[in-house]
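> can't give you the sequence, but here's the structure:
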């Protein structure tokens, strides 16, 4: 009988479906006098704590070995004035104000040869290629306003991240789980906000790195794993008109990697994981940048593990790049082998096959099974949990194969 493979762990990309009760409670939360900051109450804090405990227990019961809080602490009021991420940003950073979304859609944002400038989400090239589809796509209320940087950026989310940490640590203890992670955004993501304060975009970027470092340090110091969420590394490509050269794009993106690594300075790489994706919206994604162009840049991030999309129809074939790109000996990969982009629940045998592709190239001991992107809000909760169950079964089958 063939020897069993190294046991492949199971994790996910962060966001998990919120309960109806938690969503309802978020929907009725009140704002502070500034009209931007959501108020906390003892009743809401208790509800959130119990929700995190429950979602961690359910992950453990399902068989997930590296668990998270589902990003429940980042839930925000559902508002037609500004979307959920905008609400979250005002809880954690000072120096922001609301401005109309149409202020982002400036003609001068179109890049000239040799430069890289981002358009707004509505001006992405994928949206321009499929205008009727995107016009008919039901994505919920369109945000009328969004935050803009109008003053010195500072981190004011100490109480918020402390709540996230306390809730996850309590849930880990209650479920006897050994390892948990919390997510935080990368400077390159945050710096996509409109800059109306700093003298240059470079200064703006590094100000975000300085502010975000406080959250990174808090999570690491609490004994948790820090996951850096950075869809911008891949996703920005689609938000540049006209399409830039790969060289210009990599130079632009390397600045953002440098800022992130500075924010992560002196923090232990083995306690950090990095997640990139090509955007979680359910669209054609025909203008996605090929992974081969950015994989080496991804590996320059000071992290011990790297999470990326590998299960959806646009990127599954890219597993082959690991036959050409050497994964450093002290690094692991967390390929997404179930997708947030389809309601079809992947068969465990397919999941095992996908994992074995990576295991055969880099070693099973350096692979953990994950999801393409967060499942919360992207697919029905029943399907999300079915996918996690299939992920666990598929990882077990891969672990017992040769």
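It's in. Note that the structure is predicted; figures quoted are calculated from it, not measured.
> which SSE is the residue nearest to residue 171 when sequence neighbours are not counted in?
Leaving out its chain neighbours, the residue that sits closest to residue 171 by Cβ to Cβ, 6 or more residues apart in numbering is residue 56, at 3.7 Å. Heads up, the C-betas are built off the backbone N, CA and C, glycines and all. Assigned by DSSP states H and E, residue 56 belongs to helix 42-62.
> Buried residues, that helix. List them.
44, 47-60, 62 (16 or more other Cβ atoms under 10 Å).
> ok now it, how far from the chain's centre?
20 Å (Cα atoms, centre = their mean, to the nearest Å).
> Please enumerate residues in contact with it?
Residues from elsewhere that reach helix 42-62 (Cβ atoms under 8 Å, 6 or more residues apart in numbering): 12, 16, 18-19, 21-22, 25, 29, 67-70, 72-73, 163, 166-168, 170-172, 174-177, 180, 385, 388-389, 392.
> helix or strand right after it?
Next along from helix 42-62, by DSSP H and E: strand 67-68.
> How far away from the center of its chain is that following strand?
The answer for strand 67-68 is 14 Å, by Cα atoms, centre = their mean.
> so what does that strand touch, helix or strand wise?
helix 42-62, helix 158-175, strand 180-185 (3 or more Cβ pairs under 8 Å, 6 or more residues apart in numbering; DSSP states H and E).
> Which of those sits closest to residue 338?
helix 42-62 (12.6 Å; Cβ to Cβ).
> My impression was that residue 391 belongs to a strand - is that right?
No. Counting by DSSP: H, G, I helix; E, B strand; the rest coil, residue 391 falls outside a strand, being helix.
> how close does the residue lying closest to residue 254 once chain neighbours are set aside sit to residue 250?
Spatially, and ignoring its direct neighbours in sequence, residue 254 is nearest to residue 297 (6.4 Å; Cβ to Cβ, 6+ apart). Computed as Cβ to Cβ, to the nearest Å, the residue 297 to residue 250 distance reads 6 Å.
> so for the helix holding residue 56, what's the average pLDDT?
Mean pLDDT, helix 42-62: 96.
> can you check stretch 357-366 too?
96.
> Quick check: phi and psi at residue 346.
With angles defined as degrees, to the nearest 10, residue 346 sits at phi -60, psi 140.
> The closest residue to it other than its chain neighbours: neighbour count?
Spatial nearest neighbour of residue 346, chain neighbours left out: residue 338 (4.9 Å); criterion: Cβ to Cβ, 6+ apart. Residue 338 sits with 28 neighbouring residues when counted by other Cβ atoms under 10 Å.
> Residue 338 touches residue 310, doesn't it?
No. If you go by Cβ atoms under 8 Å, residue 338 and residue 310 don't touch, sitting 9.7 Å apart.
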